[in-house]
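Chemist: have a look at this fold, sequence not included:
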């Protein structure tokens, strides 16, 4: 049980009161107060917190946000690319405001100040806020602080509105194909005809294509680390997949390879400093015989192509728009959500449904036709039964 004793008087001669107590681990602790009422309140709080299991060390939370965030980051099981991106976001946008503060000093108003300082796209603000909130949640779990300030009702969280996907008109797909230099036009066909992500298009090798069976194995992508360092890695979510190879795509791909033969490219696997190397006969490469870098492709090839066609240069009109077009074509043809999800490489068909449900053909007419057909079939069968019952027996 905590006790209160008289301590050494202050320099001005006023009394001091010392609370002596043991923490839940049995360690002897003490805290000094100038007023006895404060000492009594602290003693009662400590004992109540120990009983409730909510005790926090009085010295907890003295670590700076930056130091704790760096420890948190090192403990994560992120992929190397996610680690690099998260570290960059914290270093550029969070540490300048929160880094020097101790965890215990950061209040909901401090978080609100951080959010006001971030003048950037709402989606990017959401990602940063999520990272910061995860760090404070870990600090709560580690008994560093009592509450996560990001979860306070006074904090205005970044909006989470979901924009509807608007697929390109087919004319845009064809026009973008023709607007690119001939050796890169196949990129549009692979994105729109197979639903590949940009990194998967750049990482597709001839050995991944089975022309006889009419399928493509999506086994790798080209990833870009800081400093434009390229590596091979598994597709997003570390999930390989098999997609159908339409005859039109196969024909154009065969013609492309006849004119622009594959080139064997060797890159580190996973991270720029990995000992493991991987080689692949890539379908698309640069003139310098290296793997394509999205920063180069988007700036030097894709954007000029958009300008030529007259397509607005925005995030929505990046190469990812080809995947949306692919999904819309499959759904319009009556393909199932599960199949579309599998071909796109989504880990959850529910995500595919939420993203593309507004593109699915209306079921109104199909429902009417199905019910009418069922009624018609039932009534026809009923009439035949009545006719049989009305016929006289031949006995």
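Modeler: Received, thanks. The shown structure was predicted, so the numbers you read here are calculated from the model rather than taken from an experiment.
Chemist: what are the contacting residues of stretch 167-182?
Modeler: Under the contact criterion CB atoms under 8 Å, 6 or more residues apart in numbering, stretch 167-182 has outside partners 185, 187-189, 192, 259, 301-302, 304-306, 308-309, 311, 317, 321-322, 324-325, 327-328, 359. No exception for glycine: its C-beta is placed from N, CA and C like everyone else's.
Chemist: for the closest residue to residue 1 other than its chain neighbours, helix, strand, or coil?
Modeler: Closest residue to residue 1 apart from its sequence neighbours, by CB to CB, 6 or more residues apart in numbering: residue 47 at 6.9 Å. Following DSSP: H, G, I helix; E, B strand; the rest coil, the label given to residue 47 is helix.
Chemist: neighbours of residue 47, how many?
Modeler: 14 (other CB atoms under 10 Å).
Chemist: how about residue 310?
Modeler: 9.
Chemist: so what's it up against?
Modeler: Residue 310 neighbours (CB under 8 Å, 6+ apart): none.
Chemist: got the phi and psi for it?
Modeler: Main-chain dihedrals, residue 310, degrees, to the nearest 10: phi 90, psi 30.
Chemist: for residue 171, see how far away it is.
Modeler: Residue 310 is 11 Å from residue 171, where distance means CB to CB, to the nearest Å.
Chemist: try residue 165
Modeler: 18 Å.
Chemist: likewise for residue 113?
Modeler: Taking CB to CB, one finds residue 113 at 48 Å from residue 171.
Chemist: more neighbours: which of the two?
Modeler: residue 113 (12 against 9).
Chemist: and that one, what does it touch?
Modeler: Taking CB under 8 Å, 6+ apart, one finds residue 97 in contact with residue 113.
Chemist: from residue 151, how far off is it?
Modeler: Residue 113 is 16 Å from residue 151, by CB to CB.
Chemist: ok, now residue 103?
Modeler: Distance of residue 103 to residue 151, computed by CB to CB: 15 Å.
Chemist: give me the more crowded residue out of the two.
Modeler: Neighbours per residue, other CB under 10 Å: of residue 103 and residue 151, the larger number sits with residue 103, 23 against 14.
Chemist: hmm, back to that, so which of the contacts of stretch 167-182 belong to helices?
Modeler: Those of the contacts of stretch 167-182 mapping onto helices are 187-189, 192, 259, 304-306, 308-309, 321-322, 324-325, 327-328, per DSSP state H.
Chemist: of the residues you listed, grab the buried ones for PyMOL.
Modeler: The PyMOL selection below is limited to those of the ones in helices among the contacts of stretch 167-182 classed as buried (16 or more other CB atoms under 10 Å):
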select buried, resi 187+188+189+192+305+306+309+321+322+324+325+327+328
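Chemist: so where do the strands sit in the stretch 251-395 of the chain?
Modeler: Listed in chain order, the strands of the stretch 251-395 of the chain (DSSP state E, counting those that start in this stretch) span 263-268, 277-282.
Chemist: the last one - contacts with which helices or strands?
Modeler: What it means is strand 277-282. Contacts defined by 3 or more CB pairs under 8 Å, 6 or more residues apart in numbering; DSSP states H and E place strand 277-282 against helix 198-203, strand 263-268.
Chemist: show me the shaky parts of the stretch 101-250 of the chain.
Modeler: Applying pLDDT under 70 to the stretch 101-250 of the chain picks out residues 160-162.
Chemist: try it again at 90.
Modeler: Applying pLDDT under 90 to the stretch 101-250 of the chain flags residues 104, 117-124, 140-147, 157-166, 226-227, 237.
Chemist: what about the strands in it?
Modeler: All strands of the stretch 101-250 of the chain, identified by DSSP E, counting those that start in this stretch, fall at 209-210, 215-218, 221-225, 229-233, 241-244.
Chemist: how far does the third one sit from its chain's centre?
Modeler: The reference is to strand 221-225. Chain-centre distance of strand 221-225: 16 Å, with CA atoms, centre = their mean, to the nearest Å.
Chemist: and it, which strands flank it?
Modeler: Sheet pairing for strand 221-225, assigned by DSSP bridges, gives strand 229-233 (antiparallel).
Chemist: cool, the last one as well?
Modeler: In the sheet, strand 241-244 lines up against strand 215-218 (antiparallel) (DSSP bridges).
Chemist: what's in contact with the partner strand?
Modeler: Strand 215-218 has contacts (CB under 8 Å, 6+ apart) with 194, 196, 200, 204, 208-210, 235, 240-245, 345.
Chemist: same thing but at 6 Å, please
Modeler: 194, 200, 208-209, 235, 241-243, 245 (CB atoms under 6 Å, 6 or more residues apart in numbering).
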